[in-house]
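In: Output the structure for:
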Amino acid sequence: MSAVLAANAEMLFLDLPFAERVTRIHDLGFQVEIWDWTTKDLGELRATGAAFSSMTGYISGDLVDPDGAEAFLQTAQRSLAAAAQLDCPRLNIHGTGLDGDGIPVSPRWTTSGSDWLRAVDTLRRLAALGEEAGRVFTIENLNTRVDHPGTPFARSEDTVRLVQAVDSPALRLNFDLYHAQIDEGNLIERTRELLPWVGEIQVADVPGRQEPGTGEINYPNIAAALADAGYSGVIALEAWASDDPVHALERFRAAFSAVAA
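Out: Coordinates of the predicted model:
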């Protein structure tokens, strides 16, 4: 089996209404990812006939603060109901809520042992919701140097530890290679190490967060490593187009031809 390619409608075809973005991506042969479902007409999106790969899995809250954890879980339940409307299998989460610019609503510059224990407890409860609904929550690694300073549990080595501690098929890692390159590097070896816990892979090039081929990451080599490992999951473009979005999607598909052929 080959990997499935998806593209994020929040970052492509920005001159079009959102449902038309979804349609364009779908017509070009990709599954579709969205972020905040609360700002969308879900009926309109469902009517496009697109296959939705991932969406945001919470609206507010965080993993550690008791009140924040309750908000996190309550809004995750609402997100599961929205995912059912779109038949979306994966719901993406972060260590804390992010504002419209990607900055943590409640930044946390250090995490204590008790913070880790509370995060694991919150994620176990979240995974139970996912198991009951038949859907998977994915926790995404984020970079803190450029885009998301102050995000707790941001590095892939932290997010995967949380996933391993919960040990549920309803909680997996959304391994974002753009973020990992900025904060961690060593992408091929890190991907091989994390792959058993990965529910999805997201990509963009560095610097600039544009499509593969615009920066320093050798995505064809990463694709070859994924093919060697037998990866058949989702690879999603979460990137801005450097020029024409259709051209960006073509470059994305070409970069991952070894694993998505």
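
In: center of the chain - which residue?
Out: Geometric centre of the chain, nearest residue: N174, 4.9 Å, by CA atoms, centre = their mean.

In: tell me the contacts of it?
Out: Counting by CB atoms under 8 Å, 6 or more residues apart in numbering, N174 makes contact with 54, 90, 92, 138-141, 198-202. Quick note: C-beta positions are derived from backbone N, CA and C, even for glycine.

In: Chain neighbours aside, what residue packs nearest to A227?
Out: Leaving out its chain neighbours, the residue that sits closest to A227 by CB to CB, 6 or more residues apart in numbering is V259, at 4.2 Å.

In: Check whether the one you found really touches A3, as I assumed.
Out: Yes: taking contact to mean CB atoms under 8 Å, the distance of 4.6 Å between V259 and A3 places them in contact.

In: my read: P104 touches H148, true?
Out: Yes: contact status for P104 versus H148: in contact at 6.8 Å, counting by CB under 8 Å.

In: Quick check: bridge partners of the closest residue to M11 other than its chain neighbours?
Out: Distances taken as CB to CB, 6+ apart put W240 closest to M11, at 5.3 Å, once the chain neighbours are dropped. Beta-bridge partners of W240, counted by DSSP bridges, are Q210.

In: where's W240 relative to L16, distance?
Out: 15 Å (CB to CB, to the nearest Å).

In: Please apply the same query to K40.
Out: From K40 to L16 the distance is 14 Å (CB to CB).

In: more neighbours, the two?
Out: Neighbour count, other CB atoms under 10 Å: between K40 and L16, K40 has more, with 18 against 14.

In: ok, now which ones touch the more buried one?
Out: 18, 34.

In: what about the helices in the protein?
Out: Here the chain has its helices, by DSSP state H, at 18-27, 42-47, 66-86, 113-133, 156-166, 177-183, 187-194, 219-228, 245-255, 257-260.

In: still on that earlier bit, quick one: which of the contacts of N174 sit in strands?
Out: 54, 90, 92, 138-140, 198-202 (DSSP state E).

In: Return the closest of the residues you listed with respect to I188.
Out: Each of the ones in strands among the contacts of N174 was checked against I188 using CB to CB; the closest is I201, at 12.3 Å.

In: wait, the closest one sits on E238?
Out: No: using CB under 8 Å, I201 makes no contact with E238, being 10.1 Å away.

In: pLDDT wise, what is D101 at?
Out: On pLDDT, D101 comes in at 83.

In: now do S242
Out: 98.

In: Could you list which residues are in contact with it?
Out: 208, 210-211, 214, 248.

In: Count the neighbours of the residue nearest to F256 when sequence neighbours are not counted for me.
Out: Closest residue to F256 apart from its sequence neighbours, by CB to CB, 6+ apart: A223 at 4.5 Å. Residues lying near A223 (other CB under 10 Å) number 23.

In: Let me see the contact set for A260.
Out: Applying CB under 8 Å, 6+ apart, we find A260 in contact with 2-5, 223, 235, 253.

In: quick one on the thing from earlier: so what sits against both of I201 and E238?
Out: Common neighbours of I201 and E238, counting by CB under 8 Å, 6+ apart, are D176.

In: which regions of the stretch 101-250 of the chain sit below the pLDDT cut-off?
Out: When residues are selected by pLDDT under 70, none of them lie in the stretch 101-250 of the chain.
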